[in-house]
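Undergrad: the following block contains a protein sequence and its predicted model.
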Amino acid sequence: MNQLKNNLTKEVTVTNKLGLHARPAAMIAKIAMQAESGVWLIKNGEQVDATSIIDILSLSGTRDSRIILKIQSPSDMEILEKITNLFDTGFEE
């Protein structure tokens, strides 16, 4: 399901049926805005700002897409875990 790549990134899979549409993107951005440093989502080499709903939507994260979550600072580990949890729960959909 989720795989720890190193202490600042995690790979997650989009499990909800509709993928990363506006509601999940807003949920991710809301959590990412609480970070002290940068938070990014990466898909197929494209890195976007996790605080931007538009950027998240631009990834076209469909069901079963693999996304890498990346934080800039170890102090934001809780943010990484909260966003990982959103993916784990299918954004409660």
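TA: Looks like it came in fine.
Undergrad: which residues of this protein fall in helices?
TA: Using DSSP state H, the helices found in the chain span residues 22-32, 53-58, 77-88.
Undergrad: chain center to the shortest one, what's the gap?
TA: I take that to be helix 53-58. 11 Å (CA atoms, centre = their mean, to the nearest Å).
Undergrad: which elements pack onto that helix?
TA: helix 22-32, strand 46-49 (3 or more CB pairs under 8 Å, 6 or more residues apart in numbering; DSSP states H and E). From N, CA and C alone the C-beta is placed, and that goes for glycine too.
Undergrad: return the most buried member of the ones you listed.
TA: helix 22-32 (a mean of 19; mean count of other CB atoms under 10 Å).
Undergrad: can you tell me what sits against that helix?
TA: Here helix 22-32 makes contact (CB atoms under 8 Å, 6 or more residues apart in numbering) with 16, 20, 39, 41, 49-53, 56-57, 79, 82-83, 86, 91, 93.
Undergrad: for PyMOL, what selects the buried ones among the residues you listed?
TA: Per 16 or more other CB atoms under 10 Å, the buried members of the contacts of helix 22-32 correspond to this PyMOL selection:
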select buried, resi 16+20+39+41+50+51+52+53+56+57+79+82+83+86+91
